[in-house]
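1. Fold the following, please.
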Amino acid sequence: MKVMRLRKPGGLENLYLDDIAPREPGTGEIRVRVHATSLNYHDYAVVKGAIPTPEGRVPMSDGAGVVEAVGSGVTEFKPGDHVVSTFFPLWWTGEATPELISQVPGDRNDGFASETVTAAAKAFTHAPKGYSHAEAATLTCAGLTAWRALVVDGQIKPGATVLVQGTGGVSIFALQFAKALGATVIATSSSDAKLERLKAMGADHLINYKTTEDWGVAAKAFTGGRGVDHVVEIGGSGTLNQSIMASRLGGHIALIGVLAGYAGPVTTVAIMGNQIRLIGLTVGSRDNQLDMIRSINVSGIKPVIDCSFPLEGLADAFRKQESGTHFGKICVEF
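-> Numbering: from 1, shown residues only. Have a look, this model is predicted:
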């Protein structure tokens, strides 16, 4: 079977194809013929060498495909089932602990840039009904992050106002989940064309953050001055102050990304004075994923996929990600 590996110290030029034999499943394991993976910023950081990994690491945290074989003791899956991976294979339920989040495919252990993966059955869930493998592969990281931000941590209620940033996978999933749950959505982007696409998807208010410098104030104005209930914050320190300005008294900011800065000055007095709940999060548990998929099976939400590449084109897929021209998820199908 073909796998894509990464030479140290990383870099797109250090991705290379290898050919290895698949492993038979042991007790409690399944063997999955992987058909798709999707790109996340985390995967990009691994491949570029920003997150050090051992020589020959197989990257990619997300994977979806078909069960080929099951080991003894496995009752949840059977050959032919469509499955999708979990981001933290050891974190099944409850609160996270250092031990439960110690493994991440494509980072701390081999990932899904591989035609076949053999792993614990609990490292997968069933895919949503009617999803293609590429669609399912968008859920592991981006989909579940948005779900946890709004539903698990945010405890979103119908009629809430949600602010989403940009047109990456997490932000678009957050828009879709928020609308399905009866929320009003304010969306930002630097592109008027992308904002129009967000409007077509249900965004109620639009802000071009390039032409509106104080977009946090503009977002708050859309609420009549009350402030937004939830912010899905993907920028980090570079955008956090604007998110704080947009938030209502007692509002919730889900800090999930650092695209606009790893560190920097933040108006902590505004967090305190406005009693804002600022919650950092990294994806979620298997139980969270099961809940999300149950909801998807009812709502019929489908991911937005910008484009797909073959396995041997993984480096080109990351170059597309670097360009910032995509809308939604970039996938690799094989």
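2. Pull the distance from stretch 53-65 to the chain's centre.
-> Taking C-alpha atoms, centre = their mean, to the nearest Å, one finds stretch 53-65 lying 16 Å from the centre of the chain it belongs to.
3. list the buried ones in it?
-> By neighbour count on 16 or more other C-beta atoms under 10 Å, the buried set for stretch 53-65 is 53, 57, 58, 59, 60, 61, 62, 63, 64, 65. From N, CA and C alone the C-beta is placed, and that goes for glycine too.
4. again, but for stretch 319-334
-> Judged by neighbour count using 16+ other C-beta under 10 Å, the buried positions of stretch 319-334 are 320, 321, 326, 327, 328, 329, 330, 331, 332, 333, 334.
5. Next, give me the two most distant ones among those residues.
-> Farthest apart among the buried residues of stretch 319-334 by C-beta to C-beta are 327 and 334. That separation is 22.8 Å.
6. that older thread, among the buried residues of stretch 319-334, which are in strands?
-> Of the buried residues of stretch 319-334, the ones assigned to strands by DSSP state E are 329, 330, 331, 332, 333.
7. Out of the residues you listed, the closest to residue 242 would be?
-> Scanning these for proximity to residue 242, where the rule is C-beta to C-beta, the winner is residue 329, at 25.1 Å.
8. does that closest one have beta-bridge partners, and which?
-> Per DSSP bridges, the residues bridged to residue 329 are residue 305.
9. Give the full set of residues in contact with it.
-> When the contact criterion is C-beta atoms under 8 Å, 6 or more residues apart in numbering, the partners of residue 329 are 38, 39, 138, 142, 169, 172, 303, 304, 305, 306.
10. repeat for residue 40
-> 61, 62, 141, 142, 169.
11. what's around the fourth one, how many residues?
-> Read it as residue 142. Neighbour count for residue 142, taken as other C-beta atoms under 10 Å: 28.
12. thinking residue 101 is in contact with residue 90, fair?
-> Yes - counting by C-beta atoms under 8 Å, residue 101 touches residue 90, with 7.4 Å between them.
13. Residue 241 is in contact with residue 267, isn't it?
-> Yes - in this structure, residue 241 is within contact of residue 267 by C-beta under 8 Å, at 5.4 Å.
14. which one of the two has more residues nearby?
-> More crowded of residue 241 and residue 267, by other C-beta under 10 Å: residue 241, with 16 against 13.
15. would you say the more buried one is within a helix?
-> Yes - counting by DSSP: H, G, I helix; E, B strand; the rest coil, residue 241 falls inside a helix.
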